[in-house]
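Chemist: sequence below, structure please.
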Amino acid sequence: MTAVPFTLDEQVQARLVVQKYGGTSVGSPERIQAVAANIAASVKHGHAVVVVVSAMGSTTDELVDLAEKITHNPRGREMDMLLTAGERISIALLCMALHELGIDALSFTGSQAGIMTDTSHGKAKIVEVRAQRLCEALEKDQVCVVAGFQGVSPTASVTTLGRGGSDTTAVALAAALKASACEIYTDVTGVFSADPRIVEKAQKIAHMSYDEMLEVAATGGRVLALRSVEFARNYDVPLHVRSSFSPETGTWIHDQEKNMEEAIVTAVTHDTSEVKFTLERVPDQPGVAAKIFRALSDENLNVDMIVQNVSTGGLTDISFTVPADERLKAITVLEDASFDLGSMGYQCNEDVGRVSVVGAGMKSNPGIAATMFETLAAENINIQMISTSTIRISVVVAKDDVERGVIALHKAYDLDAQ
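Modeler: The predicted structure is shown next:
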């Protein structure tokens, strides 16, 4: 992402904060009024404020349902035009609520705020921020209320940023405007050591590194969108995840100092929204894997964990996971690949889930993997796939075993007692 040069008064910039409110936070007129009161309090404390909002409650889902009643194969451009209507409703209503409190506020669509994207409808990436109009409003002491999740392409078409796009909008604006912080307001009080709905003793985490939060977001922690954390790390934007329903301090995500005491394991995450494909008995020779995953990439499919089995008789199996909502696209690709490569076909297993342990301290503490595998074995949980990074270990297990595995691992790494 690049930011077109602009001049923002240094005093305004020093007190600038970007706040993002999700769909639950603006889910009703009463909630919008409560958000407006929170913004007004920030203004009265001397902050210059840019606000990014999502569509109200389930508005986006309702718009998708409307489209499906018309066609099962809508064109991407028109789908984006439809879905961005939800955020436009939110920004207008929130400005009205602010006006009622005596706060001067202006609403901006993504294109009006200068969010320039590529041409990929439904999953557009921000390539540039042209924030001059926001700067002009901020220097007039106006609150800028920006529609999240959307931008505009070089061909002047409305685009959407995909799942979690409002988070990405907020962090991109904070980076471009050099805000002091980006506050992500949601329906939870911060990032927890596990899903509190599953683990009763899950603890709120006070501070996390960008790298830890990236792994948490990538492995099922749905508090923040992965791309927003990548933006924050790349542009060193401090993030504060907190509740819009409570004034308490949430979780700060930033570039932690190296001498800070690092927990060995920070969080246990899970994800049951993926499916596992196995392409069976493909030739074990150079270029085969490249053909398979190039074909998947050309369809804009996000492949996650990959395992290739040991070759037998010059043939092997290749397994990988993809998001469940992209299952049909993957099937289309694999049907063609099976024929082209002379494979014995493929299997699709929807009865799977992923469990992961994440922690910066894993880099310097041996035995983390052993503890994980021993704990799962004690629960009679079979591991189907394994993937690792320097600060994460992930396993694919049967979907019915996921919650039991999360609870056991949270206890095994002493996270219950934090």
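Chemist: okay, and the beta partners of Val17?
Modeler: Val17 forms beta bridges with Val49, Ala181, as assigned by DSSP bridges.
Chemist: residues contacting it?
Modeler: Val17 is in contact with Ser42, His47, Ala48, Val49, Val50, Ala179, Ser180, Ala181, Cys182, Glu183, counting by Cβ atoms under 8 Å, 6 or more residues apart in numbering. The way it works is simple: take the backbone N, C-alpha and C, and place the C-beta from them, glycine included.
Chemist: next one: Leu173
Modeler: Leu173 makes contact with Val18, Val50, Val52, Ala113, Ile115, Val129, Ala131, Leu134, Val146, Ala179 under the criterion Cβ under 8 Å, 6+ apart.
Chemist: if we can go back for a sec, may I see the contacts of Val17 organised as JSON lines, with neighbour count and distance to Ala412 added?
Modeler: Formatted as JSON lines, these follow (neighbours: other Cβ atoms under 10 Å; distance: Cβ to Cβ, whole Å):
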{"residue": "Ser42", "neighbour count": "18", "distance to Ala412": "42"}
{"residue": "His47", "neighbour count": "18", "distance to Ala412": "43"}
{"residue": "Ala48", "neighbour count": "26", "distance to Ala412": "46"}
{"residue": "Val49", "neighbour count": "25", "distance to Ala412": "43"}
{"residue": "Val50", "neighbour count": "26", "distance to Ala412": "43"}
{"residue": "Ala179", "neighbour count": "25", "distance to Ala412": "40"}
{"residue": "Ser180", "neighbour count": "16", "distance to Ala412": "39"}
{"residue": "Ala181", "neighbour count": "16", "distance to Ala412": "35"}
{"residue": "Cys182", "neighbour count": "28", "distance to Ala412": "34"}
{"residue": "Glu183", "neighbour count": "23", "distance to Ala412": "34"}
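Chemist: between the residues you listed, which is closest to Leu161?
Modeler: Lowest distance from Leu161 to the contacts of Val17 (Cβ to Cβ) belongs to Cys182, with 15.6 Å.
Chemist: tell me if I'm right that the closest one and Ala232 touch.
Modeler: Yes. With contact defined as Cβ atoms under 8 Å, Cys182 reaches Ala232; the gap is 7.0 Å.
Chemist: between those two, what contacts are shared?
Modeler: Applying Cβ under 8 Å, 6+ apart, one finds that Cys182 and Ala232 are jointly contacted by Val171, Ala174, Pro238, Leu239.
Chemist: where are the low-confidence patches of the stretch 301-418 of the chain?
Modeler: Where the stretch 301-418 of the chain drops to pLDDT under 70, the residues are 418.
Chemist: all strands for it, in order.
Modeler: With DSSP state E, counting those that start in this stretch as the criterion, the stretch 301-418 of the chain has strands at 306-308, 315-323, 345-349, 352-358, 385-389, 392-398.
Chemist: now for these, which one comes closest to Val216?
Modeler: With Cβ to Cβ as the criterion, Val216 lies closest to strand 352-358 of these, at 5.5 Å.
Chemist: tell me the confidence at Glu215?
Modeler: Glu215 carries a pLDDT value of 94.
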